[in-house]
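> After the sequence you'll find the predicted model.
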Amino acid sequence: MPRLNSETHIRMEDIQKVYPDGVKALRGVTVDFRRGEVHGLLGENGAGKSTLMRILFGQIRQSGGRILIDGSQVGFNSPKDAIAKRIGMVFQHFMLVPSFTGLENIVLGLDVKGQSDFQNGVRGRALDFAERLGLKVDLDRVIENMPMGERQRIEILKLLVRNVNLLILDEPTSALTPFEADELLKIMKKLRGDGKTIVFVTHKLKEALSICDRITVVRRGLRIDTVYAKDVDLRALAKMMVGKEMLPEVRKEVTIPGKVLLEVRALSVRSDTGNEAVRNVTFEVRAGEVFGIAGVAGNGQKELVEAITGLREVEKGEVFVNGVKTTNRPPKDVYDLGLAHVAEDRFGRAVVPTLSVKDNLILGLQFKDQFSDGLLMKPSAVEENARTQIRDYSIMATEDTPVKSLSGGNVQRVVIAREFSKSPLLIVASQPTTGLDISATEFVRNELIKMRGKGKAVLLVSSELDEVLALSDRVAVMYEGEFMGVSRPEELDNEKLGLLMGGVKVE
Amino acid sequence: MSDILRRNRGRILRTLESAAIIAFGFVVSGAIMFAVGYDPIAAYSAMFFGNKERGMQGAFGGILGISSTLREATFIILTGLAAQMAFSAGVFNIGVEGAMYVGAFASFLVGYLFDAPAGSILSIVHALVAIVAAMIAGLAWIYVPAFLKIKRGANEVVTTIMLNYVATYLTELLVVKFFLPTTGVPPGGIITPEISPSAMIPQLELFGAKFNLGIIPTAIAAVIVFIVVKRSVIGYSMRAVGASPDAAKYGGIDVNKVILFVMLAGGAMGGLAGAIDVQFTGYRFNQAFSPGYGSSGIPVALIGRLDVVGVILAGLFMSALHIGAQSIQPVTGMPREVSSLIEGVIVFSAALPGAIDIIRTYLKRRGVKNE
């Protein structure tokens, strides 16, 4: 039972942040974190929640406003200062040395004077915390061999050993399996019971409601409201977060699946580390159909997509695009057969960040007659194409803006505009809405459905369950490199999906 | 007007940044000179404008100064363009010096072994064949480290530096073994006999100074590089590979082909620089012809911020510094070591912004790969 305490632990007052490029990320946010509460910080991507927390953790400095701890003002120049004031943060992407053990990671950065004695001292304290709070960890295991949940527990221990009493958890459940996420919520309750203040940064409504005492909703750099979780429901929170009702349903036209445009036969692929990431996967995608692959990220989806699109070597098995064997053919050959690829790693792969919007809008099309004569580019065609796409896809940028200065949603518009302009037969879209705000998400989903309506084949890989269920005609769940089965979305509900994603077969 | 400003905002900012830091380099160097007891104003004036009483012309203070500055600029603009192409695709090709030596020797061989009647079409063909031979030799030389990088992942920095030594000593060995016996050891050092007159490109006499016509092939090379980088499909591919090899691969670009292209093009330009020394300047192969033209290409590319126009300006600037520094000692009595130090400080600071850009991109690329 939440123990409601009204003592203010940390107050952030009228915090403003203007980035050097003039973007106003925070426009005067005031929020109190009370001692011993789980405080949800809810907002869409780009709402300003990460900026606010990075200011509290001393990573960046606010442009205006002040931070008070127990009533006295503090200023942080670095995370070190924040930790000295007993504030710690666990990032979405863990900051651990993969080749070190859990204990070595915990010790890293502490003042080591007595080496082994010291390590043992830390070990004792870490184990103490672990036991009291029910954190299951093996301190002597190397990080890269740990599942995500355990890595996260190491991160939490790292902070506890540093005597942190306010923990910021940034989207902590995003990398976890449903089971691990449940575990984490239990740990958070125990931390609260131990008197720690927790700031739970999230965009997942259900989780926020299930664990938080109070929830602060931010939108476009402003605090919308701070509410007691017991006083609100999902709908009300969603409304505060997005400023409009809920996501409209995706309308699917009735299509009759046609020709097989992608066929994957007994495919096995290795990951970067040499593990067998995809094992003996077979499926086909037909024209006018969306084939969805659900699953927690990291179960071989990435490797599967890369193998299909020519970016990764196929170990065993075959791939056919529109009837032509493309196993281990370079990307260009696969594109020539009508494949378009909305890549998962948006900034690392789907665009060249330093190049302009217009140059990125022709990535993969530079060889086409429309944009070059094989030797020289046609600058006016490139410009013209950029102007058309910027207009048709409402990209908020000029042709010459480098893509690196665009927001995630805008970058995805660039990617979608380019891939769809290839007039493909087959679209492979991998995590196409990750990190996008609601309107951009809606846009991407509608575009995919439009392509389906035009008789294209769509392979959709996503860890957003609602998305896979809403868009797909058939759904496969991937777990440890294998398909747990292929079903129609109406045969699945969240519970069944959750079980499949956790590796439990259901009939 | 404001539209032009906006579109070129990045370029204008880069230019201002470079100008500011070059000025800073001059100030720091001035402080050093002042600290060791020399008048920096007099030294800079001697550097750029010479001193009539002492008979020194500096970099621009007379026709001889100007011709020397232009001659040296020719070489380092070429090697700078070679480095620029490599850098823009994320490749560190340090082997232009070696390609230049091999190219110079090839140009000499073709020039020496064949002859054609003066003034005939054949003599033009002879000269052109020698130039092309030099470029092919430079290209072939660089093919070795390029091949090792692509097929075996050998780091091109290490292999190209090692091959530079191989090239300089190999050509020295060839001269000593086969040509010194015919020339004896002349006072000029390890040099071959002259090439046939038909392969020689005469120097232009203007106001009593000799102007090297190497500026013509250099200008042609600059125009070609400009078109390749800015307008061609391969130039587009180079920029993509340089910024993000993963994204380039995703964009259907054959990353290895692009790496091969920039390295071979650099080798060809190095070879051309070698031919310019043999056929346009010295008319023989001189083992000591390069005071490090190949390695100067790297700071030139960096000072020029990987831009063709920038590289041309940077080449002139570095050449002026180098030629000008030679006037400082006779005019002010400052030791040669100090003027070299000054030159180094200015070049270092001028190359800094470009170097930081490169390091930043490089780290970013590694970051992407490690994720």
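Great, that's in hand.
> from here on, contacts and neighbour counts on C-alpha atoms
Noted.
> how about the helices in the stretch 251-371 of chain B?
Using DSSP state H, counting those that start in this stretch, the helices assigned to the stretch 251-371 of chain B run over residues B:255-275, B:293-303, B:308-332, B:336-370.
> closest to chain A out of those helices?
When the helices of the stretch 251-371 of chain B are compared for distance to chain A using CA to the nearest CA, the nearest one is helix B:336-370, at 6.0 Å.
> from the middle of its chain, how far away would that closest one be?
Relative to its parent chain, helix B:336-370 has a centroid offset of 17 Å by CA atoms, centre = their mean, to the nearest Å.
> Same check on stretch A:345-365?
Here stretch A:345-365 is found 20 Å from its chain centre; the criterion is CA atoms, centre = their mean.
> Could you save the helices of the stretch 251-371 of chain B as JSON lines and add columns showing mean neighbour count and mean pLDDT?
As requested, these are exported to JSON lines (neighbours: other CA atoms under 10 Å in any protein chain shown; pLDDT from 0 to 100):
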{"stretch": "helix B:255-275", "mean neighbour count": "28", "mean pLDDT": "96"}
{"stretch": "helix B:293-303", "mean neighbour count": "27", "mean pLDDT": "92"}
{"stretch": "helix B:308-332", "mean neighbour count": "23", "mean pLDDT": "90"}
{"stretch": "helix B:336-370", "mean neighbour count": "17", "mean pLDDT": "77"}
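> Give me the helix or strand of chain A that scores worst on average pLDDT.
When the helices and strands of chain A are scored by mean pLDDT, DSSP states H and E, helix A:494-501 comes last with a mean of 69.
> okay if I get the helices of the stretch 251-371 of chain B as TSV plus distance to A:Met478?
Putting those into TSV (distance: least, CA to CA, whole Å) gives the following:
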stretch	distance to A:Met478
helix B:255-275	32
helix B:293-303	49
helix B:308-332	51
helix B:336-370	25
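> buried stuff in the helix of greatest length in chain A?
When secondary structure is assigned using DSSP state H, the longest helix within chain A turns out to be helix A:115-133. By neighbour count, and taking 16 or more other CA atoms under 10 Å in any protein chain shown as the criterion, the buried residues in helix A:115-133 are A:119, A:122-123, A:126-127, A:129-130, A:133.
> Let me have those residues in JSON lines, extended by pLDDT and distance to chain B.
Formatted as JSON lines, the entries for the buried residues of helix A:115-133 read as follows, by pLDDT from 0 to 100; distance: CA to the nearest CA, whole Å:
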{"residue": "A:Gln119", "pLDDT": "71", "distance to chain B": "29"}
{"residue": "A:Val122", "pLDDT": "84", "distance to chain B": "29"}
{"residue": "A:Arg123", "pLDDT": "87", "distance to chain B": "29"}
{"residue": "A:Ala126", "pLDDT": "89", "distance to chain B": "28"}
{"residue": "A:Leu127", "pLDDT": "90", "distance to chain B": "30"}
{"residue": "A:Phe129", "pLDDT": "89", "distance to chain B": "31"}
{"residue": "A:Ala130", "pLDDT": "89", "distance to chain B": "29"}
{"residue": "A:Leu133", "pLDDT": "85", "distance to chain B": "31"}
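> and those, which two are the farthest apart?
Within the buried residues of helix A:115-133, A:Gln119 and A:Leu133 form the most distant pair, 20.7 Å apart (CA to CA).
> Where does the stretch 51-200 of chain B get nearest to chain A, which residue?
Checked against chain A (CA to the nearest CA), the nearest residue in the stretch 51-200 of chain B is B:Ser88, 11.9 Å away.
> show me what contacts that residue?
Neighbour list for B:Ser88: B:238-239, B:242, B:306 [criterion: CA atoms under 8 Å, 6 or more residues apart in numbering or on different chains].
> just A:Val199 next, same as before
For A:Val199, the residues meeting the contact criterion (CA under 8 Å, 6+ apart) are A:33, A:38-41, A:166-169.
> out of those residues, which one sits closest to chain B?
Nearest to chain B among the contacts of A:Val199, counting by CA to the nearest CA, is A:Leu169 at 21.2 Å.
> and that closest one, what does it touch?
Applying CA under 8 Å, 6+ apart to A:Leu169 gives the contacts A:89-92, A:198-201.
> Backbone dihedrals for it, both of them.
Dihedral pair for A:Leu169: phi -110, psi 110, per degrees, to the nearest 10.
> Starting from B:Ile136, give me the distance back to it.
As judged by CA to CA, to the nearest Å, A:Leu169 and B:Ile136 stand 61 Å apart.
> And B:Met318, by the same measure?
With distances taken as CA to CA, B:Met318 is found 28 Å from B:Ile136.
> Leaving out chain neighbours, which residue sits closest to A:Val411?
By the measure of CA to CA, 6 or more residues apart in numbering or on different chains, the closest residue to A:Val411 outside its immediate chain neighbours is A:Val403, 6.7 Å from it.
> so what pLDDT did the one you found get?
The predicted local distance difference test score for A:Val403 is 89.
> about what we covered before: can you get me the centre-to-centre distance for the longest helix of chain A and its chain?
Averaging C-alpha coordinates over helix A:115-133 and over its chain gives two centres that are 32 Å apart (CA atoms, centre = their mean).
> helices and strands around the helix or strand following it, which ones?
Scanning forward in sequence from helix A:115-133, with DSSP states H and E defining helices and strands, the next element found is helix A:148-161. Secondary-structure packing of helix A:148-161 (3 or more CA pairs under 8 Å, 6 or more residues apart in numbering or on different chains; DSSP states H and E): strand A:87-90, helix A:102-107, helix A:115-133, helix A:178-193.
> okay if I get these as JSON lines plus distance to A:Ile438?
Rendered in JSON lines, the data for those read as follows (distance: least, CA to CA, whole Å):
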{"stretch": "strand A:87-90", "distance to A:Ile438": "25"}
{"stretch": "helix A:102-107", "distance to A:Ile438": "37"}
{"stretch": "helix A:115-133", "distance to A:Ile438": "36"}
{"stretch": "helix A:178-193", "distance to A:Ile438": "23"}
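> Mean pLDDT lowest where, among those?
Ranked by mean pLDDT, these bottom out at helix A:115-133, with a mean of 81.
> element containing B:Leu213, please.
Under DSSP H and E, no helix or strand contains B:Leu213.
> Could you tell me the per-residue confidence at B:Leu128?
In this model, B:Leu128 is scored at 95, pLDDT.
> How about it, nearest residue that isn't a chain neighbour?
Leaving out its chain neighbours, the residue that sits closest to B:Leu128 by CA to CA, 6+ apart is B:Ala199, at 7.8 Å.
> Quick check, that neighbour in contact with B:Gly111.
Yes - contact between B:Ala199 and B:Gly111 holds when scored by CA atoms under 8 Å: they sit 5.2 Å apart.
> Common neighbours of these two, please.
Common contacts of B:Ala199 and B:Gly111 (CA under 8 Å, 6+ apart): B:126-127, B:130, B:279.
> Between those residues, which sits nearest A:Thr173?
Comparing those against A:Thr173 with CA to CA picks out B:Ala130 as the nearest, at 68.3 Å.
> Secondary structure class of the residue nearest to B:Ile358 when sequence neighbours are not counted, three-state.
The spatially closest residue to B:Ile358, leaving aside those adjacent along the chain, is B:Phe87, at 7.6 Å (CA to CA, 6+ apart). Three states are possible here, and by DSSP: H, G, I helix; E, B strand; the rest coil the one that applies to B:Phe87 is helix.
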